[in-house]
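Q: Give me the fold of what follows.
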Amino acid sequence: MNLRRFLHPEGIRLELQTRALPEGADADDFEVETAQNLARIRQGVFTELVELFEISGCMANQKRLLKEFEEREKKTSCALGQGIALPHLRTLQLKRFILVFCRSSEGLPFGAPDEEPVHLFFGMAAPPYDDRTYLKVYKALAKVLLDPVNSEGFMNAQEPSEILRLLEVVC
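A: Numbering: from 1, shown residues only. As a prediction, the model looks like this:
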């Protein structure tokens, strides 16, 4: 499956602005994995993902899409483990299937089953009637990302074009 056709350079953020520690917090005295801090981190990541979805020009309502990602995460974590999360949903807020990518060099606690921080975030969203594409892309991405060699390539990429090239090679 050609995943490259769903991800464009403007939908790639090589470094998330969201951090594990809130600005001004003392690393020695701050407990990162409190429920309140995890909620702050998730909201930050989803906000950044939604910003990338908005760049596509196919979004109806940014606030509603953000709320839908937050609600989806409350049902079950999108973190797969091995430093990977696939926030995904079907929504009326998008006119077509879109894939976006964000990376956190530091890694963020995100409720992964292996309790490891998440570094790679692939956001997926599709209209509710696009089940076939949605499921095919989810399956293909999960398979690609759970291979440590591929994950390392996404972590080491220096330019959005390298992320796109990786998707072309591995898919």
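
Q: all strands for the protein, in order.
A: With DSSP state E as the criterion, the chain has strands at 12-13, 79-81, 84-85, 88-90, 98-108, 118-126.

Q: Find the nearest non-adjacent residue to Leu89, please.
A: Spatial nearest neighbour of Leu89, excluding adjacent residues (Cβ to Cβ, 6 or more residues apart in numbering): Arg72 at 4.8 Å. (Glycine included, C-beta is placed from N, CA and C.)

Q: likewise Phe121?
A: Cys102 (4.4 Å).

Q: That neighbour and Val118 touch, don't they?
A: No: look at Cys102 against Val118 with Cβ atoms under 8 Å: they stay out of range, at 10.0 Å.

Q: still on that earlier bit, which one of the strands of the chain lies closest to Asn2?
A: strand 98-108 (11.3 Å; Cβ to Cβ).

Q: hang on, Leu120 packs against Leu86?
A: No: Leu120 is beyond contact range of Leu86, at 9.1 Å (criterion: Cβ under 8 Å).

Q: Give me the common contacts of these two.
A: Common neighbours of Leu120 and Leu86 (criterion: Cβ atoms under 8 Å, 6 or more residues apart in numbering): Leu145.

Q: who has more neighbours, the two?
A: When Leu120 and Leu86 are compared for neighbours, Leu120 comes out ahead with 21 against 18, by other Cβ atoms under 10 Å.

Q: what residues are up against that one?
A: 83-85, 101, 103, 145, 151, 154-155.

Q: just to revisit the earlier point, what pLDDT does the residue nearest to Phe121 get?
A: Note on Cys102: pLDDT of 97.

Q: Could you report the distance from the spatially most central residue of the chain to Ala85?
A: In the chain, the C-alpha nearest the mean C-alpha coordinate belongs to Phe121, at 2.8 Å (Cα atoms, centre = their mean). Noted for Phe121: a distance of 5 Å to Ala85, by Cβ to Cβ, to the nearest Å.
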